[in-house]
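Chemist: pasting the sequence and the predicted coordinates here, then a few questions.
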Amino acid sequence: MIPRLELNNVSIAFDSTAVVRQVSLQLPEGDIGSLLGPSGCGKTTLLRAIAGFEQLQQGSIALHGKCVSSEQLMIAPEKRRVGMVFQDFALFPHLSVADNIAFGLNGQSSQQKRARIAELLKLVGLSELSNQHPHQLSGGQQQRVALARAMAPRPEILLLDEPFSALDPELRGQLATEVRLLLKQDGITAILVTHDQTEAFAMADQIGVMHQGALHQWDNSYNLYHHPATTFVADFIGRGTLLTIVVADKNSIDTPFGRLSGKLPPGSEPGGRLQLLLRPDDLHLTTKQDGIRAQIIERLFQGADYLYTLQLDSGDRFHCLAPSHQQHNKGDTVTLKLDIQDLVLFSDDGLAL
Ligand SMILES: Nc1ncnc2c1ncn2[C@@H]1O[C@H](COP(=O)(O)OP(=O)(O)OP(=O)(O)O)[C@@H](O)[C@H]1O
C-alpha cells in the first residue's frame, strides 16, 4: 500500500544552519503520527515543510505517492489538501461555530455543506452550539471547532501543531484521547507535533522522537519504551537509568547488581563495556532478605505508586516504582528483586546493539 505520507532523507537549513537532518519516515493511511522532542529540535519546521511552507535542502516529501516537495520542487500549500490546527485555535471571532466549520468547504453545494457541517458538529459533540460564537465557548470546545473546521474538507493529511498547549493540563490528556477517537471515526491521517509524551502516547500510532534535527526513532510507544534505538530515546521516554556494565561471556554481564544472565544482542563482545537500560518497573521491592540492598535517596508520590530514587553501596543510582500503600521513607534501606525481561544494551556511540 502506498503510504499517505512519506519523507525521504529530508534536510532543512536556515542560513546554512541545519535544523532538520536526513529524516525519513512513512505514515500509512488512517494512522496518527506524532513528532515528539524537546524545544528547538525541529518538529515544527518539519511539520511546516509537510504543509509546504519550508523549502527542502535535500530529500523529498510525498503525499499519497505524489511528490510535493524536493530540492527542486515546492507545490504550494493550498494545492496539497493539507488541514492545519494550531495552538491558538485561530477561529474567526465574528463567525458562528457552523460558519467557522463551513469556511473550508468552498466549491460544494449548500446541501453538501449543510450535511458535512451537521456530521462534524455531531462528531465533535457541538450540535447544540452551532449558532454560538467562539467567545461563548470554553477552550476545549473552541479547539474542537478548530478541529472540525480543519477536518471538514477531508484533507489528505491533518497537521496539528501543539493543539492542546493552551488548555489546562487535565483537559489536555482527555482531549488528546477524544481527538484520536474523532480522527479514527472519520478515517483521517494526521501528524501531531508535541513536546509532551503523555499527549503523544494518548493520540499516536507511530511516534518519532527528534533531537537536534535528527529523527532518532519512528516507532510505536511500546517499542520506544522497551526497545529504544538510542540512549537519547531511552532517557527522554520514561525514566530510564543507564548503568555501565561489562560483558562477562556470551550469555551474561557484570553489573552493579552482580552477574546477570540473558540473551545478549549481537555485537556484545566479552570484556566490552556497555550501557544497560534499567526502567523503574524492572525492579520490585521485596520483603525477602536475600535480594539487592539499596538506600532510598528520594521518593515521589504519584497516587497509585511511589517513584523511589535508590542508591547502591557502589554509588550507582536508579529508580524503582512501588505501590503507594507500601510506604518507605527517605534514608531506609530496602531489598530489591530484579525482573528484567530483555537486556537493552547500548554502545559508546549511544546506539542500541
Ligand atoms: N525561520 C527561521 N529562521 C531561522 N531559524 C529558524 C526559523 N524557524 C526555526 N528556526 C530555528 O530552527 C530550530 C528548530 O525550530 P522548531 O520551531 O522547528 O523547533 P521545535 O522542535 O518545534 O521547538 P518548539 O517546541 O520550541 O516549538 C530552532 O533552533 C529555531 O530557532
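Modeler: Looks like it arrived, so ask away.
Chemist: need the residues of the stretch 101-250 of the chain near the ligand, please.
Modeler: For the stretch 101-250 of the chain, the residues in contact with the ligand (C-beta under 6 Å from any ligand atom) are His195. Heads up, the C-betas are built off the backbone N, CA and C, glycines and all.
Chemist: now Thr45: how far from the ligand?
Modeler: 3 Å (C-beta to the nearest ligand atom, to the nearest Å).
Chemist: give the contact list for that residue.
Modeler: Applying C-beta atoms under 8 Å, 6 or more residues apart in numbering to Thr45 gives the contacts 12, 19-20, 54.
Chemist: one more time with 10 Å
Modeler: Residues counted as contacts of Thr45 (C-beta atoms under 10 Å, 6 or more residues apart in numbering) are 12-14, 19-20, 35, 53-54, 193, 210, 213.
Chemist: chain neighbours aside, what residue packs nearest to it?
Modeler: Val19 (5.1 Å; C-beta to C-beta, 6 or more residues apart in numbering).
Chemist: so for the chain, the centremost residue is which one?
Modeler: Closest to where the C-alpha atoms of the chain average out (C-alpha atoms, centre = their mean) is Ala200, at 3.6 Å.
Chemist: work out for me the element that one sits within.
Modeler: helix 197-203 (DSSP states H and E).
Chemist: then that helix to PDB, C-alphas only?
Modeler: Provided in PDB are the C-alpha atoms of helix 197-203 (Å, rounded to 0.1, in the frame of the first residue of the first chain):
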ATOM      1  CA  GLN A 197       5.000  12.400  25.700                       C
ATOM      2  CA  THR A 198       1.600  11.700  27.500                       C
ATOM      3  CA  GLU A 199      -0.100  13.500  24.700                       C
ATOM      4  CA  ALA A 200       1.800  11.600  22.000                       C
ATOM      5  CA  PHE A 201       1.100   8.300  23.800                       C
ATOM      6  CA  ALA A 202      -2.600   9.100  24.100                       C
ATOM      7  CA  MET A 203      -3.000  10.100  20.400                       C
END
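Chemist: any idea of the mean pLDDT for that helix?
Modeler: Summarised as a single mean, pLDDT over helix 197-203 is 92.
Chemist: leaving out sequence neighbours, find the closest residue to Leu91.
Modeler: Pro134 (4.4 Å).
Chemist: the closest residue to Glu29 other than its chain neighbours - how many residues pack around it?
Modeler: Of all residues not flanking Glu29 in the chain, Arg4 sits nearest, at 4.4 Å (C-beta to C-beta, 6+ apart). Arg4 has 22 neighbours, counted by other C-beta atoms under 10 Å.
Chemist: immediately after the helix or strand hosting Thr44, which helix or strand?
Modeler: For Thr44, the enclosing helix or strand under DSSP H and E is helix 43-51. Downstream of helix 43-51, the next assigned helix or strand under DSSP H and E is strand 58-63.
Chemist: by contact count, what packs against that following strand?
Modeler: strand 5-14, strand 17-27, helix 43-51, strand 66-70 (3 or more C-beta pairs under 10 Å, 6 or more residues apart in numbering; DSSP states H and E).
Chemist: can you tell which of those is closest to Glu170?
Modeler: helix 43-51 (23.9 Å; C-beta to C-beta).
Chemist: re the thing from before, would you mark the buried spots in the helix holding Ala200?
Modeler: By 16 or more other C-beta atoms under 10 Å, the buried positions in helix 197-203 come out as 197, 199-203.
Chemist: same question, stretch 345-353
Modeler: For stretch 345-353, a neighbour-count test (16+ other C-beta under 10 Å) marks 345-347, 350, 352 as buried.
Chemist: before we move on, the earlier item: quick one: contacts for the residue nearest to Thr45?
Modeler: So Val19 contacts 11-13, 40-42, 44-46, 49, 54, 57, 212-213 (C-beta under 10 Å, 6+ apart).
Chemist: how about the residues you listed in CSV, adding pLDDT?
Modeler: Listed next are the contacts of Val19 as CSV, based on pLDDT from 0 to 100:
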residue, pLDDT
Ser11, 98
Ile12, 97
Ala13, 96
Gly40, 93
Cys41, 95
Gly42, 96
Thr44, 94
Thr45, 96
Leu46, 97
Ala49, 96
Glu54, 95
Gln57, 96
Gln212, 96
Gly213, 97
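Chemist: can you tell me which of those has the most neighbours?
Modeler: Most surrounded of the contacts of Val19: other C-beta under 10 Å gives Leu46, at 27 neighbours.
Chemist: run through the residues that contact that one.
Modeler: 7, 10, 12, 19-20, 23, 25, 35, 37, 54, 61, 191, 193, 208, 210, 213, 215.
Chemist: the closest residue to the ligand within the stretch 151-300 of the chain: how many residues sit nearby?
Modeler: Evaluated by C-beta to the nearest ligand atom, the stretch 151-300 of the chain has His195 as its residue closest to the ligand, separated by 5.0 Å. Number of residues near His195 (other C-beta under 10 Å) recorded here: 17.
Chemist: isn't it right next to Glu162, touching?
Modeler: Yes: counting by C-beta atoms under 10 Å, His195 does reach Glu162; the two are 7.6 Å apart.
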